[in-house]
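Trainee: Based on what follows, work out the 3D shape:
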Amino acid sequence: MKQLFFAFFLLASFRLAAQPGTTATFTWNFDSFPVPVGLAKIYRDTVENPDCIWQIGAPQKPVLDSARSPVNVIITDTVNSYPPNDTSSFIIMQIVDYGWYTPAPIDVPPHLAGFYYVDSDTLTDYGTIEISADSGQTWINVLTDTQYNFFPQCGNCNFKKPVLTGSSGAWKLFIISFRDFAMNNPIDPGDTVYLRFRFISDSTQTNRDGLMYDDFYMRDVWLGIPDPGKVQALTLWPNPATDLVNLETEPGDLVAVYRDGKRIVTGIAKESTTSFSIRTWIPGTYLIVTRGKNGSTRSAQLIVEQSK
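Mentor: Next up, the predicted model:
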């Protein structure tokens, strides 16, 4: 049987609210450029437009005059009205260390939430939000796309589609679900997802304030410790082990290892048998969990012994 050594990704410690079996989240309140948050950052796209008008700072305009949570926002210029014939963008780049695995519950999928305030000429000047999972080669406009359901409705959820044109009159909440997108575009640990926020104006000078965002919130779905009543047995050998361990897997399975209730490593299986070294692991009992792309979960305990 063909074997492939399996490279684990060490878990980073930047995550907030990270507990086994739940999700991990992080937020931005826009202090400066770039804004690193663990494996994510926000930056202005000065390649597309060297004179990009997006700025981080305290808004000082007639309508867009205050942040939702003091003091800073990201805005189409903190002082001046937006110019005509302009397309400016900022981008969130996230290295997805846990992966967007599906099927996630429809009410708690990977998602992005935040608040926006818009003051623009209706329809002719507007904002867009786009996603790319192929390093920006293709972009999908989440506001107009009909292939994926970025704003599902269910009994326990209410994903909110932003209206990024005209006058919102106040801060408005938006919530974008990536569940359907991830089901058709699997996002593995280590993959990079890009979110592009644009503001586009036509040839008419309107002297309007533009668009600003505040309080972004990103949720990643991760593989938690499973309910024993809902999983199948995972085949692994030898067990106990001191050196090399083999797992029966399917290509694309997410594999996670827990010790004392804490997830310590994760990675993606490439073959039907996954092999990895435990030579440097502390002796003790570990929980090995795999999750397939169809949502099936398997688990087994691994006993690591001191090598002689």
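
Trainee: Quick one: neighbours of the closest residue to Phe115 other than its chain neighbours, just the number.
Mentor: Nearest non-adjacent residue to Phe115, counting by C-beta to C-beta, 6 or more residues apart in numbering: Trp171, 4.7 Å away. Using the backbone N, CA and C atoms, a C-beta is placed for each residue, glycine as well. The tally of other residues near Trp171 (other C-beta atoms under 10 Å) stands at 18.

Trainee: Kindly provide the distance from Trp171 to Thr266.
Mentor: Distance of Trp171 to Thr266, given as C-beta to C-beta, to the nearest Å: 37 Å.

Trainee: now Thr206
Mentor: 49 Å.

Trainee: Those two: which is more packed in?
Mentor: With neighbours defined as other C-beta under 10 Å, Thr206 and Thr266 compare such that Thr266 has more, 21 against 16.

Trainee: lowest-pLDDT helix or strand in this protein?
Mentor: Among the helices and strands of the chain, strand 9-10 carries the lowest confidence by mean pLDDT, DSSP states H and E, at a mean of 27.

Trainee: picking that back up, OK, contacts around the residue nearest to Phe115?
Mentor: Residues near Trp171 by C-beta atoms under 8 Å, 6 or more residues apart in numbering: Arg68, Phe115, Tyr116, Tyr117, Asp214.

Trainee: Could you work out the most separated pair of the residues you listed?
Mentor: Arg68 and Tyr116 (9.4 Å; C-beta to C-beta).

Trainee: pLDDT score assigned to the closest residue to Thr206 other than its chain neighbours?
Mentor: Among residues not flanking Thr206 along the chain, Asp121 sits closest, at 4.6 Å (C-beta to C-beta, 6+ apart). According to the prediction, Asp121 has pLDDT 95.

Trainee: mind checking how far Asp121 is from Val79?
Mentor: From Asp121 to Val79 the distance is 19 Å (C-beta to C-beta).

Trainee: between these two, which one's more packed in?
Mentor: Higher neighbour count among Asp121 and Val79: Asp121, with 19 against 11, using other C-beta under 10 Å.

Trainee: Report the contact partners of the more buried one.
Mentor: Contact analysis of Asp121 by C-beta under 8 Å, 6+ apart lists Thr165, Gly166, Ser201, Asp202, Thr204, Thr206, Arg208.

Trainee: could you dump the residues you listed to a markdown table with secondary structure?
Mentor: Formatted as a markdown table, the contacts of Asp121 follow (DSSP: H, G, I helix; E, B strand; the rest coil):
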| residue | secondary structure |
| --- | --- |
| Thr165 | strand |
| Gly166 | coil |
| Ser201 | coil |
| Asp202 | coil |
| Thr204 | coil |
| Thr206 | coil |
| Arg208 | coil |
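
Trainee: Can you select the buried ones among the residues you listed for me in ChimeraX?
Mentor: Here is the ChimeraX command that picks out the buried ones among the contacts of Asp121, judged by 16 or more other C-beta atoms under 10 Å:
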select :165,201,206,208
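
Trainee: quick one: contacts for Asp77?
Mentor: For Asp77, the contact set (C-beta under 8 Å, 6+ apart) comprises Ile53, Gln55, Gly210.

Trainee: one more time with 10 Å
Mentor: For Asp77, the contact set (C-beta atoms under 10 Å, 6 or more residues apart in numbering) comprises 52-55, 57, 59-61, 64, 83, 88, 209-210, 212.

Trainee: Out of these, flag the one nearest to Pro238.
Mentor: Trp54 (56.1 Å).

Trainee: Where does the prediction get shaky in the stretch 51-200 of the chain?
Mentor: Residue ranges of the stretch 51-200 of the chain with pLDDT under 70: 95-108, 155-156, 186, 188-190.

Trainee: all helices for it, in order.
Mentor: 179-184 (DSSP state H, counting those that start in this stretch).

Trainee: residue ranges of the strands in it, please?
Mentor: Under the criterion DSSP state E, counting those that start in this stretch, the stretch 51-200 of the chain carries strands at the ranges 54-57, 73-76, 87-96, 111-119, 126-132, 140-141, 153-154, 157-158, 172-177, 191-200.

Trainee: now, of these, which is deepest in the fold?
Mentor: The highest average neighbour count among these, using mean count of other C-beta atoms under 10 Å, belongs to strand 73-76 at a mean of 28.

Trainee: which ones are touching the closest residue to Val79 other than its chain neighbours?
Mentor: Of all residues not flanking Val79 in the chain, Gln60 sits nearest, at 5.1 Å (C-beta to C-beta, 6+ apart). By C-beta under 10 Å, 6+ apart, Gln60 lies in contact with Ser66, Ile75, Asp77, Thr78, Val79, Asn80.
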